[in-house]
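dropping the sequence and predicted coords here.
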Amino acid sequence: MSILYRGPLASCDYDCAYCPFAKRRDSPERLRADRAALERFTAWVAGRDHPVSVLFTPWGEGLVRSWYRKAMVELSHLSHVRRVVIQTNLSCRTGWLDEADLTRLALWVTCHPSQVAYDRFLAKCRDLTGHGVRHSVGIVGHPDHLGTARRLRADLPASTYLWVNAEEGRVYTDDEAAEWAVIDPLFGYSRLAHASAGLACRTGETVVSVIGDGTVRRCHFVPEVIGNLYDGSFDRALRPRPCPAATCDCHIGYVHLEPLGLYDVFAGGILERIPAGRPARA
Ligand code: SF4
Ligand code: SF4
């Protein structure tokens, strides 16, 4: 089972123009609630007797909070946890990773060029590579980011997958899409929303989305509740179900959309967005 977890946290140390959580602050009460919810979730995962993979998808940045670093380390040491991953801007220090079992931990790293000096970001990525921390690196496909993306592709090891997310609302010409596809051969999957209505999607059966109070939905994008993690009600509700949405335009969703075949493309690295081999152009 794979679980996408998002707690009450909704703040970030960065100030990206394209983000509603930019420089938002959480109240002390909200931070306390986020910590308590995360600890409850971590304890639940620890108590399972079946394999679990976890992707933390916080609104905002989690790794600047000690409880996310602690949860990542703790979960990485559990033998039934296949993988524990978090989406991060990598603004945090990286020393805490020394305490983790790196055979299970991975990072989904996003570069935000307006918020971090290029050399500093690259040095952090190199640090991850040097310490054997499994990670992907990505960037939003805004025209202003093209130069940085090209530099990153040239400077990162060929073994580090550099993904490009189509910017929300942006329409790419074929020429523009081709430029981004030079950097990320799989950009074609992100360029356009996938018509998903009625198609088989693993969410709601082997993948679920959970929020802080344990409410379980099939994915982050379909509001219908299928149960609760902590009373076990979600377990009885797991079954194959077609996608009820018209489209799916986010990687953390459509990677589970069966007709796309992305479980083969990302075999072994689905949650952290690392392809199984050198990706062929989408
Ligand atoms: S780093 Fe991510 S969460 Fe923070 S402001 Fe930028 S896009 Fe938003
Ligand atoms: S295709 Fe996307 S929106 Fe539809 S159920 Fe799957 S993850 Fe959710």
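Happy to help now that I have it. Ligands and ions are numbered 1, 2, ... in the order given.

pretty sure Val64 sits against Tyr14.
No - contact between Val64 and Tyr14 fails when scored by Cβ atoms under 8 Å: they sit 9.8 Å apart. For the C-beta atoms, the positions are set from N, CA and C on the backbone; glycine is no exception.

who are the contact partners of the residue nearest to the spatial centre of the chain?
Closest to where the C-alpha atoms of the chain average out (Cα atoms, centre = their mean) is Gln87, at 4.4 Å. When contacts are counted by Cβ atoms under 8 Å, 6 or more residues apart in numbering, Gln87 touches 55-58, 62, 108, 110.

tell me what it is bridged to.
On the basis of DSSP bridges, Gln87 is bridged to Trp108.

before we move on, back to that, what do Val64 and Tyr14 both touch?
Going by Cβ under 8 Å, 6+ apart, residues that sit against Val64 and also against Tyr14 are Ser91.

within the helices and strands, which one has the residue located most distally from the centre of the chain?
Most distant residue from the mean C-alpha position of the chain: Asp175, 28.0 Å away (Cα atoms, centre = their mean). Following DSSP states H and E, the helix or strand that holds Asp175 is helix 174-183.

pull the distance from the helix or strand that that helix is followed by to the chain's centre.
As assigned by DSSP H and E, the chain's next helix or strand after helix 174-183 is helix 187-191. Centroid separation for helix 187-191 versus its chain: 16 Å, with Cα atoms, centre = their mean, to the nearest Å.

equivalent analysis for stretch 234-254, please.
16 Å.

buried residues in that stretch?
234, 237-238, 241, 243, 245, 248-254 (16 or more other Cβ atoms under 10 Å).

restrict these to contacts with ligand 2.
243, 245, 248, 253-254 (Cβ under 6 Å from any ligand atom).

need the max-distance pair from the residues you listed.
Maximum pairwise distance among these (Cβ to Cβ): 10.4 Å, between Ala245 and Tyr254.

overlap of the contact sets of the two?
In contact with both Ala245 and Tyr254: Ser196, using Cβ under 8 Å, 6+ apart.

for Val265, give me its contacts.
By Cβ under 8 Å, 6+ apart, the contact list for Val265 reads 186, 275-276, 279.

report the two of those residues separated the most.
Leu186 and Ala276 (11.8 Å).

if we can go back for a sec, just the ones of the buried residues of stretch 234-254 in strands?
241, 248 (DSSP state E).

tell me, how many residues neighbour Val171?
10 (other Cβ atoms under 10 Å).

same thing with Ser233?
Neighbourhood size, Ser233 [other Cβ under 10 Å]: 14.

list the contacts of it.
Applying Cβ under 8 Å, 6+ apart to Ser233 gives the contacts Gly227.
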